[in-house]
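Undergrad: need the 3D shape of this:
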Amino acid sequence: MARRQTPDVSTRPVDDLGDVVERPADVHGFAERTMLADTAVGRVGIETEWFVVDGHSPDRPVAPERTRAALGGLDPDLPGGSRITFEPGGQFELSGPPLALPAAMRAMSADLTAVRLRLADDGLLLAGLGADPLRTPRRLLTHSRYAAMEEFFQTGGFPAGPVMMCSTAALQVNLEAGPKAGWDDRWWLAHTLGPVLVAMFASSPVLAGRPTGRVSSRQGVWSDIDSTRTRPVAAAGEPPTPGGPAEQWARYLLDARLMLVRDGDGRHIPVLDGSTFGDWVAGAGPVRRRPTLDDLSYHASTVFPPVRPRGWLELRYVDAQSAALWPVAVTVTAALLDDPLAADTARDACAGVAGQWAEAAALGLAQPDLRRAALRCVMAVVEAAARLGLSPAQTAAVADFADTFVRRGRCPADAALAAWRTGGATAVLMDATTCVDVPQPS
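TA: Okay, the predicted model is just below:
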């Protein structure tokens, strides 16, 4: 949705994007060339999303224009180099530069501190939750793309679509694809980890004023919209395909419904007839002309699977976290894929719960199998801390998270529910604005 600043990896040259896509084989070729890049592992791109809250009137939405005005000319001068963007409901996003894990977390922490200080002068706060617990969905950005997206969801029978656009927030972790020889395994592991990380860091049990019955309402909302663009690319138990991840990605792009097409004036037109990109390639699309590689590239930006390949691995499945917990969530996610020993543990621990996305969103770590897998994973990260260059304080933060939450079968959503029981949805939102000193790597 918003522009992303992610690991700066290069892909092999793509043909002229004006070239016509004439057959499914062209989509497969596009996937091969652009999906993943042969790189070393180690750099991490962190994207944090936040709900902006008026401390005096927390029930009122905060327009992006007000947030921008409060920030003044801060964006180009953020000390850690993050880029500021907004989501349709006014959610505030910081996209950090790709760096080694300790440096990436230092940079994001510095930028968040700078932003918070500037926003506080205007009475604004940042709340770290996977779903807005108080305010109803309202689109605040008027861009043509977002208007067309909203029409696509509303007309297409996906009422959760506008909720996704305006009332959810995620912590996105972007990791290098790694050496080509290991792509199959790394791709599979990124998907297999998903349910465990969803359960471990679920933070969104309340949406629009009431509990939803899910610890991750954000994950539930994303699962409730058009499944052709939000289901995992690699399904649990799916046998390896001869073409590997690229074969899966090409098939996903062909089977996904078209959401938008762009006309010659740069406007975005919603596609409401249910046609897929594969239909368009076959000559039965929404417009008479044949699709081009530029159309295909844009189509790929409108699908939102939990793991999206963009030359790197874009892990999109973790709820937004509080000021205290986002570094823990980033550390755990990155370590379980980038540290070889931790990855070995995660591969074994999570195999039995692969594909349990719905259970993770509904129950979190109250589900015994997910809890056991999560505990093995988080303890493997503690053991990997020195190899990752984490400070003793940040290592202790991960260990404390294991003791406070994982061992007890709890997740951040349990704290949010406790706040709701004592003070309602307003208390949940305001509690999520609490800013604490976060241990940082040396």
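Undergrad: in the helix or strand bottoming out on mean pLDDT in the chain, what counts as buried?
TA: Lowest on mean pLDDT, DSSP states H and E among the helices and strands of the chain sits strand 260-262, with a mean of 92. In terms of neighbour count (16 or more other Cβ atoms under 10 Å), strand 260-262 has its buried residues at 260-261. Quick note: C-beta positions are derived from backbone N, CA and C, even for glycine.
Undergrad: which elements pack onto the helix or strand immediately after that strand in the chain?
TA: Downstream of strand 260-262, the first helix or strand assigned by DSSP states H and E is strand 268-270. Applying 3 or more Cβ pairs under 8 Å, 6 or more residues apart in numbering; DSSP states H and E, one finds that strand 268-270 contacts helix 144-155, strand 260-262.
Undergrad: between the two ends of stretch 86-95, how far is it?
TA: Its start and end residues considered, stretch 86-95 measures 11 Å (Cα to Cα, to the nearest Å).
Undergrad: try stretch 274-284
TA: For stretch 274-284, the first-to-last residue distance is 11 Å (Cα to Cα).
Undergrad: give me the mean pLDDT for that stretch.
TA: Computed over stretch 274-284, the mean pLDDT rounds to 95.
Undergrad: residues of that stretch that come out buried?
TA: Residues of stretch 274-284 classed as buried: 276-281 (neighbour count, 16+ other Cβ under 10 Å).
Undergrad: ok, now which ones touch residue 125?
TA: 52-55, 116, 119, 430, 433 (Cβ atoms under 8 Å, 6 or more residues apart in numbering).
Undergrad: hmm, I typed the wrong one, I wanted residue 332.
TA: By Cβ under 8 Å, 6+ apart, the contact list for residue 332 reads 197, 200, 377-378, 381, 398.
Undergrad: follow-up on the earlier one: which one of the buried residues of stretch 274-284 is nearest to residue 323?
TA: Each of these was scored against residue 323 by Cβ to Cβ, and residue 277 proved nearest at 40.2 Å.
Undergrad: so how far is residue 21 from the closest one?
TA: Going from residue 277 to residue 21 by Cβ to Cβ, to the nearest Å gives 8 Å.
Undergrad: which neighbours do the two share?
TA: The contact lists of residue 277 and residue 21 share 27, 291, 296, where a contact means Cβ under 8 Å, 6+ apart.
Undergrad: narrow these to those in strands?
TA: Using DSSP state E, the subset of the shared contacts of residue 277 and residue 21 located in strands is empty.
Undergrad: those in helices, which ones?
TA: Judged by DSSP state H, these include 27, 296 as members of helices.
Undergrad: for the shared contacts of residue 277 and residue 21, give me TSV that also has neighbour count.
TA: Converted to TSV, these look like this (neighbours: other Cβ atoms under 10 Å):
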residue	neighbour count
27	24
291	22
296	23
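Undergrad: and the shared contacts of residue 277 and residue 21 as CSV, adding distance to residue 408?
TA: Converted to CSV, the shared contacts of residue 277 and residue 21 look like this (distance: Cβ to Cβ, whole Å):
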residue, distance to residue 408
27, 47
291, 51
296, 47
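Undergrad: just the closest of the shared contacts of residue 277 and residue 21 to residue 182, please.
TA: Checking those against residue 182 with Cβ to Cβ, the nearest one is residue 27 at 24.4 Å.
Undergrad: secondary structure element holding the nearest residue to that closest one once chain neighbours are set aside?
TA: Nearest residue to residue 27, sequence neighbours excluded (Cβ to Cβ, 6 or more residues apart in numbering): residue 250, at 4.9 Å. If you go by DSSP H and E, residue 250 is part of helix 244-255.
Undergrad: for that helix, name the packing helices and strands.
TA: Packed next to helix 244-255, using 3+ Cβ pairs under 8 Å, 6+ apart, are helix 24-34, helix 183-192, helix 277-281, helix 293-300.
Undergrad: let's see that with 10 Å instead.
TA: Helices and strands touching helix 244-255, by 3 or more Cβ pairs under 10 Å, 6 or more residues apart in numbering; DSSP states H and E, are helix 24-34, helix 183-192, helix 227-230, helix 277-281, helix 293-300, strand 307-309.
Undergrad: only alpha carbons, please: show that helix as CSV.
TA: The C-alpha coordinates for helix 244-255 follow below in CSV (Å, rounded to 0.1, in the frame of the first residue of the first chain):
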residue,chain,number,x,y,z
GLY,A,244,10.5,-24.0,-6.8
PRO,A,245,9.2,-20.7,-5.2
ALA,A,246,9.1,-18.9,-8.5
GLU,A,247,6.6,-21.5,-9.8
GLN,A,248,4.4,-20.9,-6.8
TRP,A,249,4.7,-17.1,-7.1
ALA,A,250,3.8,-17.1,-10.8
ARG,A,251,0.8,-19.3,-10.2
TYR,A,252,-0.3,-17.0,-7.4
LEU,A,253,-0.1,-13.9,-9.6
LEU,A,254,-2.0,-15.6,-12.4
ASP,A,255,-4.8,-16.8,-10.0
